[in-house]
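[1] structure for this input, please:
(one chain, ligands or ions: 1)
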Amino acid sequence: MQFIRFRRVSLSTLLAATVLYSVGCMVSPSRIDKARLLSHVETLSSDGFAGRRTATEGGAMAVSYVENAMQEMGLTSCSEALRVPFEFSSRRSEELVSGINLVGYIAGTGTSPKTIVVTAHFDHLGERGGEVFNGADDNASGTGAMLELARYFIANPPLHSMIFAGLDAEEMGLQGARALVASPCVSGRDVALNINMDMISRSPKGELYAVGTFPYPFLKPALEALPERDGVTLLFGHETPGTGSDDWTNSSDHGPFNQAGIPFIYFGVEDHPGYHNPTDDFAEITPEFYYETTELILDALLAYDATLDTLRSE
Ligand SMILES: [Zn+2]
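    Numbers count the residues shown, from 1 in each chain. All right, here's what the predicted structure looks like:
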């Protein structure tokens, strides 16, 4: 009897300690400046940027904005300059179109040559029928997160080298990502992982998808072990082969990485009423959800940075 009573007491004490410990873990310190994160989206999706279509005045403004932000935080370039121009033939007219990627680099503190590439496209659809497609969620949100994640890793250098890229011409066929993957910055390095963000700020259900663990299952345990973030449910899915447009395996800039055999995780939300509509405005995003998804992706990057050399064998 006494033994049982003793066990009861210790179990409840243990339970209380566990609850306290869990509460303590949930209040993880803030590492991303929420106001600055949101201001990137507000600015990039304002009417002055005219929808940021590649090779337009608004598109050039977006290039300058991302370049200035990278310069201000002291991000060094991956090759000679942050700006990396490229050309591609338009799918419609077969004319040559000029795009500009912005590619920064943070050297790892360790000895491993393995590198992580963090990507987000900043271009969008521009103006159509007299209406501006501001693309707040698609993809000013990913761009803002890419910039603030770069700022975090400049202040807290990673073990593995990281490339932070703002990509152009995603909306014209993932052209910026194709150019980046073919460039010496990526093809000349041992790139072990691409983390791509495209639409991470708007989900009425508070759901964020991580795509890429079907072709690369060794990337899943780190995501399953991530700390909970308030108001964000991390889901897997949208990557079953043969499901057409519901298969997001090559749906955004992670596609060219995947096609080059580079493992990837794509973070994004399901299509919402603002998707490729003029209503994809800053006023419609969910600021708290966006901040939490960015913190979650930071946790994912920290987890992969810590385990990158042994991931495939785990
Ligand atoms: Zn997009």
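[2] what residues does the chain have near the ion?
    Contacts of the chain with the ion, taken as C-beta under 5 Å from the ion, map to 138-139, 198. Glycine gets a C-beta too; all of them are placed from N, C-alpha and C.
[3] so who does His254 touch?
    Taking C-beta atoms under 8 Å, 6 or more residues apart in numbering as the contact definition, His254 lies against 119, 177, 194, 196, 211-212, 264-266.
[4] of the residues of the chain next to the ion, closest to Thr243?
    Taking C-beta to C-beta as the measure, Asp198 is the one of these closest to Thr243, at 18.6 Å.
[5] tell me the phi and psi of the residue nearest to that closest one when sequence neighbours are not counted?
    Distances taken as C-beta to C-beta, 6 or more residues apart in numbering place Ser252 nearest to Asp198, at 4.2 Å, with adjacent residues excluded. With angles defined as degrees, to the nearest 10, Ser252 shows backbone torsions of phi -140, psi -160.
[6] surely Ser252 meets Glu170?
    Yes - Ser252 lies in contact with Glu170 (C-beta atoms under 8 Å); the separation is 6.4 Å.
[7] all helices for the protein, in order.
    Per DSSP state H, the chain carries helices over the ranges 2-26, 34-44, 57-73, 142-155, 175-182, 184-187, 220-224, 254-259, 287-307.
[8] for the residue lying closest to Gly237 once chain neighbours are set aside, give me its contacts.
    Of all residues not flanking Gly237 in the chain, Tyr209 sits nearest, at 6.3 Å (C-beta to C-beta, 6+ apart). With contacts defined as C-beta under 8 Å, 6+ apart, the neighbours of Tyr209 are 234-238, 248, 266-270.
[9] from those residues, list just the buried residues.
    For the contacts of Tyr209, a neighbour count by 16 or more other C-beta atoms under 10 Å gives the buried set as 234, 237-238, 248, 266-270.
[10] what residues are up against whichever residue of the stretch 151-300 of the chain sits closest to the ion?
    Each residue of the stretch 151-300 of the chain has a distance to the ion, by C-beta to the ion, and the smallest belongs to Asp198, at 4.2 Å. With C-beta under 8 Å, 6+ apart as the criterion, the residues that contact Asp198 are 120-121, 138-139, 142, 170, 252-253, 266-268.
[11] between those residues, which has the most around it?
    Using other C-beta atoms under 10 Å as the contact criterion, the top neighbour count among the contacts of Asp198 goes to Asn139, which has 34 neighbours.
[12] so that residue sits right up against Met199, yeah?
    Yes - proximity of Asn139 to Met199 meets the contact threshold set by C-beta under 8 Å, at 6.1 Å.
[13] roughly how far apart are the nearest residue to Leu234 once chain neighbours are set aside and Leu311?
    With sequence-adjacent residues excluded and distances taken as C-beta to C-beta, 6+ apart, Leu234 is closest to Leu208, at 5.5 Å. As for Leu208, its distance to Leu311 is 21 Å (criterion: C-beta to C-beta, to the nearest Å).
[14] who's more crowded, those two?
    Neighbour totals were compared for Leu208 and Leu311, and Leu208 leads with 24 against 17 (other C-beta under 10 Å).
[15] thinking that one is in contact with Leu235, fair?
    Yes - in this structure, Leu208 is within contact of Leu235 by C-beta under 8 Å, at 7.0 Å.
[16] okay if I get the contacts of His254 as CSV plus pLDDT?
    Putting those into CSV (pLDDT from 0 to 100) gives the following:
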residue, pLDDT
Thr119, 98
Ala177, 98
Asn194, 98
Asn196, 98
Val211, 98
Gly212, 98
Phe264, 98
Ile265, 98
Tyr266, 98
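[17] of those residues, buried ones?
    Applying 16+ other C-beta under 10 Å to the contacts of His254, the neighbour count classes 119, 177, 194, 196, 211-212, 264-266 as buried.
[18] which of those residues sits closest to Leu226?
    Ile265 (11.4 Å).
[19] can you give me the strands in the stretch 201-314 of the chain?
    Assignment of strands within the stretch 201-314 of the chain using DSSP state E, counting those that start in this stretch yields the ranges 207-211, 233-236, 264-268.
[20] nearest to Leu219, out of the ones you listed?
    If you check each of these against Leu219 by C-beta to C-beta, strand 264-268 wins as the nearest, at 5.8 Å.
[21] who's in contact with the closest one?
    Against strand 264-268 from outside (C-beta under 8 Å, 6+ apart): 193-200, 208-213, 216, 219, 223, 248, 251-252, 254, 257-258, 293, 297, 300.
[22] beta partners of the residue nearest the centre of the chain?
    Here the mean C-alpha position of the chain is nearest to the C-alpha of Met197 (C-alpha atoms, centre = their mean), at a distance of 2.6 Å. When bridges are taken as DSSP bridges, the partners of Met197 come out as Phe267.
[23] that one contacts Gly144, doesn't it?
    No - Met197 lies out of contact with Gly144 (C-beta under 8 Å); the separation is 9.4 Å.
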